[in-house]
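> sequence plus predicted model, see below.
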Amino acid sequence: MQYLDIAVNIPLNQTFSYSSDAAENDEKAPAIGKRAEIRFGNRKTTGFIVGIHSNLPANCPVDSGKIKSVTRILDAEPLFDNDLLELAKWMSNYYLCSIGEAIGAMIPSGRRDSDAGGFSFTEEVPDTKPKILSDEQKAAVEGIFAKPVNPVYGRSGNLHYVYGTTGSGKTEVFLQAAERVLKQEKGVIYLVPEIGLTHQVIEAFAERFGNTVAVLHLGLTPSQRLSEWHRIQHKEARVVIGARSAIFAPVPDLGIIIIDEEHDASYKSGTTPRYHGRQVAMYRASRLSIPL
């Protein structure tokens, strides 16, 4: 018997204890990062497993005989790892929401994978032609990866502000920076304002990076979003483009975060948790000591 700490997407800042007798080698055995279907009060709901114990925790207010068992485990593999769990805990403290609300904002709600649709890069051929950068663009790219001297802000000092008017070549600076990170076998998150997630932006990245691009956009169904989420987890997609919530993408070995038009108001969530994509990006970049 295992005892699970389960967070629920409700405004109560606590976890709830449930039990499971699934065998450890079972594909649907509980694991931190998986979702579980539970009876919560008189209704069924989905919770997130955030802790596992071989014995009932000492702080549990009821004895083991009153602990309900989970109805079933919904995922064959975890949807979030320890890094995203720590991010959810930070969000819970910083934005005064429950850990369940934080995780609920982060992960897709689909129950099974589906073809992503909307944008397909399978037939795209990456553009390998070298781009000629201006001296100013070269300086910007080099500045992003330069080791900080006497950092003032953030743990790593790796926060950079790239300024340029429309059409001045910022996108090529971002593309070159992403390319350099990919050559290091690391991943990229590229955030754009909701209104800026246009086919032109997507095509620019698809032309350069082909089917290693994943786009998280509002047109995806929950099942399609779950499919893209798994592509990212399995390193099939190494460049993630999306609006505000793409900052939570489970990119293994994340190497850089880029926020285009970072002043845009759409990076601020209008519903609980009322997070700001820029602040969350700063926290992730700081923990990983990567450039933002």
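Ah, there it is.
> quick one: least confident helix or strand in this protein?
Sorting the helices and strands of the chain by mean pLDDT, DSSP states H and E puts helix 199-209 at the bottom, at a mean of 83.
> give me the helices and strands touching the following helix or strand past that helix, please.
Moving toward the C-terminus from helix 199-209, the next helix or strand (DSSP states H and E) is strand 213-216. Counting contacts by 3 or more Cβ pairs under 8 Å, 6 or more residues apart in numbering; DSSP states H and E, strand 213-216 packs against helix 199-209, helix 222-233, strand 239-242. Bear in mind the C-beta positions are built from the backbone N, C-alpha and C, glycine included.
> what is the rounded mean pLDDT of the shortest one?
The average pLDDT within strand 239-242 is 95.
> from the contact counts, what lies against it?
Under the contact criterion of 3+ Cβ pairs under 8 Å, 6+ apart, strand 239-242 touches strand 187-191, helix 199-209, strand 213-216.
> tally of neighbours for Lys235?
Lys235 is flanked by 13 other residues according to other Cβ atoms under 10 Å.
> same check on Asp83?
15.
> host element of it?
Applying DSSP H and E as the criterion places Asp83 in helix 82-94.
> and that helix, what does it pack onto?
Identification of packing neighbours for helix 82-94 by 3+ Cβ pairs under 8 Å, 6+ apart yields helix 99-106, helix 277-288.
> before we move on, the earlier item: among the helices and strands packed on strand 239-242, show me which one is buried the most.
Among those, the stretch with the highest mean neighbour count (mean count of other Cβ atoms under 10 Å) is strand 187-191, at a mean of 26.
> for this structure, which residues score under the pLDDT cut-off?
The model of the chain has pLDDT under 70 over residues 25, 115-130, 148-151, 153-156.
> so which elements touch the longest strand anywhere in it?
Ordering each strand of the chain by length in residues (DSSP state E) puts strand 43-53 first. On a contact count with 3+ Cβ pairs under 8 Å, 6+ apart, strand 43-53 meets strand 2-8, strand 35-40, helix 99-106.
> kindly reformat the ones you listed as JSON lines containing distance to Asp253 and mean neighbour count.
Formatted as JSON lines, the helices and strands packed on strand 43-53 follow (distance: least, Cβ to Cβ, whole Å; neighbours: other Cβ atoms under 10 Å):
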{"stretch": "strand 2-8", "distance to Asp253": "26", "mean neighbour count": "21"}
{"stretch": "strand 35-40", "distance to Asp253": "24", "mean neighbour count": "18"}
{"stretch": "helix 99-106", "distance to Asp253": "19", "mean neighbour count": "24"}
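> that's all I had, so thanks and see you.
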